[in-house]
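> A predicted structure for the sequence below; I have some questions about it.
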Amino acid sequence: MKKTGIMACFLLVCVCMRLNAGELLICGACGYEQTVDVQVCTHCGAALERPAQVLQDVAPNDDAELPAEKSETAGVLMVALRQDIQDGDAAWQAGNAAMAYLFWRNALGLARVAGMPAAEVAATLPEKIEQARRTGSSIQENCRTCNGTGKRFMDSVGLRGDVSRVEVHGSVCQDCAGRGYLMRPARYSERRRQRTEAVRQYAIIQQGRLRQISGQAWVPESIIQDLGSRDTALLRTSVAAPCTRCDGVGADDCRTCDGSGRIPCTERGCRDGWIEVRGGGQLTGQPLVNRRRCALCQGAGTLVCGACNGVGGIECTACNGSGQRPLCRRCDGAGIADCARCRGSGEVRGAPCDACRGEKLSLCNTCQGDGRSR
């Protein structure tokens, strides 16, 4: 018992020393320990209160400190990008890859402007963005086997050779497991429509947060006027508009299979995966009709499309499947160039250039800062 008390005191002293050193924060609601870069308690979800010195700790390294206005801008960006990451994660969990892609991509642009303070938070964003871009959504369709009923049927052949479908009571459809519907991959044309709708909803959400658009990026209104040409280019190159031909999907529907990736079975006499075999009836003298499963399509009724190898789409020739426009030739994708007024000197007649505010750079006139050709 005595050893337990000593150990508890020792741990308390260690925690206090770490708090004084600025390494930990304690949630006031649940007492859970948090690192200084966390805005919301990961245990109970309560907002964390922190000392003023922690909020000011946004310098890129321990030896240098950012100006007060730059520090304030980085703080606003950190709050905004965390919000976008959280919403992107929620959209991904809900199965909306198009919406997750938009939030995560915007968060990456904000992180690039925030610099080193956002490096750890944004480390996994590029991988998430690429995964969301490549992920295709699914479309729900009624099961053709049971016509959406979820019940199992069997064919009954009468003495006269007539075929009728009879419900098998107490059994469910084997193709849809009784759900009555099947999920199929969305065609590329359907993905484009879904992305268009996601962009519309996404814009409404960002406007409601009092964000202002810059190129395709959404930035808090309180700091957008403080961003120079370099920061604006970092934002716009991260969130550039997609390929105009495929809207960022990277492919068009295959014309051979109409984007489904499957074509009707080519076996002679195959109908929905079954072939009818007629024979003479010994009792009635009427021809009997028997059905056997098609050996070519194995009863599926369709085959893999040879034109697209079952993918359902043909790679977009404008972007080579990347979903992005080609890089701007004038700025090589950087989005910025030497200021045309001061020619990169930052001064005009001994005074700071009023066009670039002494930054020596301006947005590329060809691509308007997004680094992609028009």
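Structure received. Numbering: from 1, shown residues only.
> Spatially central, which residue of this structure would that be?
Nearest to the geometric centre of the chain sits residue 101, at 2.5 Å (C-alpha atoms, centre = their mean).
> How is it assigned, secondary-structure-wise?
Counting by DSSP: H, G, I helix; E, B strand; the rest coil, the backbone at residue 101 sits in helix.
> wait, doesn't it sit right on residue 134?
No: in this structure, residue 101 is not within contact of residue 134 by C-beta atoms under 8 Å, at 9.7 Å. Using the backbone N, CA and C atoms, a C-beta is placed for each residue, glycine as well.
> so which helix or strand takes in the closest residue to the residue nearest to the centre of the chain other than its chain neighbours?
What sits nearest to residue 101 in space, not counting adjacent residues and going by C-beta to C-beta, 6 or more residues apart in numbering, is residue 132, at 3.8 Å. Using DSSP states H and E, residue 132 sits within helix 125-134.
> And whichever helix or strand comes after that helix, what does it pack against?
Proceeding N to C from helix 125-134, the next assigned helix or strand is strand 138-142, under DSSP H and E. Applying 3 or more C-beta pairs under 8 Å, 6 or more residues apart in numbering; DSSP states H and E, we find strand 138-142 packed against strand 181-185.
> what about 10 Å?
strand 181-185, helix 188-208 (3 or more C-beta pairs under 10 Å, 6 or more residues apart in numbering; DSSP states H and E).
> Enumerate every residue touching the residue nearest to the centre of the chain.
The contact partners of residue 101, by C-beta atoms under 10 Å, 6 or more residues apart in numbering, come to 88, 91-92, 128-135, 195, 198, 202, 248.
> Mind checking which of the residues you listed are buried?
By neighbour count, with 16 or more other C-beta atoms under 10 Å, the contacts of residue 101 hold 88, 91, 92, 128, 129, 132, 133, 195, 198, 202, 248 as buried.
> How far off centre is stretch 211-228?
Stretch 211-228 sits 22 Å away from the centroid of its parent chain (C-alpha atoms, centre = their mean, to the nearest Å).
> What of stretch 112-119?
21 Å.
> Test my guess that residue 296 contacts residue 270.
Yes: the criterion here is C-beta atoms under 10 Å, and residue 296 meets it with residue 270 at 6.9 Å.
> low pLDDT regions in the protein?
1-70, 137, 155-163, 279-289 (pLDDT under 70).
> Do a quick rundown of the helices in it.
2-20, 52-55, 68-93, 97-114, 125-134, 188-208, 221-224, 229-238 (DSSP state H).
> Report the angle between the fourth one and helix 68-93.
For the pair helix 97-114 and helix 68-93, the angle between their directions (axes from the mean of the first three to the mean of the last three C-alpha atoms, to 10 degrees) equals 160 degrees.
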